[in-house]
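Colleague: Compute the structure for the input listed below.
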Amino acid sequence: MFSSILRSQRVSKTLIEAGEKEFYKKNTTIASPGEIIDKFYYILKGRVLCIEYSPEGNEKIEFILEDGSIFLESNLLFDVPAFTYFKAVEDSYIIHLSKNKLMELILNNLDISLFIMESLTKKFFSSMSRIEELLFHDVEWRICNLFISMAKSYGIETENMIKLNFKISHQFIGHLLGINRITSIKIIKKLKGMNYIEQIDGYYYIKDLNGLEQYQARQKIK
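Modeller: Alright, predicted model coming up:
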């Protein structure tokens, strides 16, 4: 399964040197639906959410973009306006490049071409995985999958548990998975009762990752 959490372990020095660094304060909206895109973005340090809203105003988080991620590259390359919001959810330093500069790098630097292809491919497979989850798995499986994915992306070993070094609320889980808050509270309470997870000072801890994975595997397919 591909995660909705996107990051790259390799820092592109070429992009850093070719672009301009800009600081975005927490809660700054970087791009909005319908906006004409004249540059693309590389996250040097920070966190950005890709967010959609339904006609009723319900929020849906499509991606969590971390250090090393790029975004709006396809919109820039194919002259397509933004169709989601991109919002910095913590103070972030972001490199941006113009289309001409990006095209120059793509034509002359194989690593940059592969870097762009990797980003587009990850987003495609992640979107396909999300569709598969909705079609074939129930909410309980999806919440288990979220905690397992976050343990791998944000997990820090602490004694006999794995701390998720990223505070998430029931509302955040609901926005990410497209479920209501009451459902997420009910299932998380169940997982706590089964001794798979715990919450301390606002942070979730995975108490038994193997047990959680085995429990997830036993969940029925739709």
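
Colleague: and the residue positioned nearest the centre of the chain, backbone torsions?
Modeller: Closest residue to the average C-alpha location of the chain: residue 64 at 2.0 Å, with Cα atoms, centre = their mean. Dihedral angles of residue 64 (phi, psi; degrees, to the nearest 10) stand at phi -110, psi 120.

Colleague: Quick check: the gap between it and residue 99.
Modeller: Between residue 64 and residue 99 the computed distance is 26 Å (Cβ to Cβ, to the nearest Å). Heads up, the C-betas are built off the backbone N, CA and C, glycines and all.

Colleague: Same question for residue 182.
Modeller: Note on residue 182: its distance to residue 99, by Cβ to Cβ, is 45 Å.

Colleague: quick one, which of those two is more surrounded?
Modeller: When neighbours are counted by other Cβ atoms under 10 Å, residue 99 comes out ahead of the other of residue 182 and residue 99, with 14 against 10.

Colleague: Is it correct that the more buried one is in contact with residue 74?
Modeller: No - here residue 99 lies out of contact with residue 74, judged by Cβ atoms under 8 Å, at a distance of 11.9 Å.

Colleague: Now do the SS call for residue 152.
Modeller: When the structure is reduced to helix, strand and coil (DSSP: H, G, I helix; E, B strand; the rest coil), residue 152 reads as helix.

Colleague: secondary structure element for the closest residue to residue 190 other than its chain neighbours?
Modeller: Ranked by Cβ to Cβ, 6 or more residues apart in numbering and with sequence neighbours excluded, the top spatial neighbour of residue 190 is residue 140, at 7.8 Å. Using DSSP states H and E, the secondary-structure element containing residue 140 is helix 139-154.

Colleague: Now do that helix, average pLDDT.
Modeller: On average, the pLDDT along helix 139-154 is 92.

Colleague: List the buried residues of it.
Modeller: If you call a residue buried by 16 or more other Cβ atoms under 10 Å, then helix 139-154 has these buried ones: 139-151, 153-154.

Colleague: Of these, which is the nearest to residue 177?
Modeller: The shortest gap between residue 177 and any of the buried residues of helix 139-154 belongs to residue 142, at 5.4 Å (Cβ to Cβ).

Colleague: Residue 133 is in contact with that closest one, correct?
Modeller: Yes - in this structure, residue 142 is within contact of residue 133 by Cβ under 8 Å, at 5.4 Å.

Colleague: Thanks a lot, see you next time.
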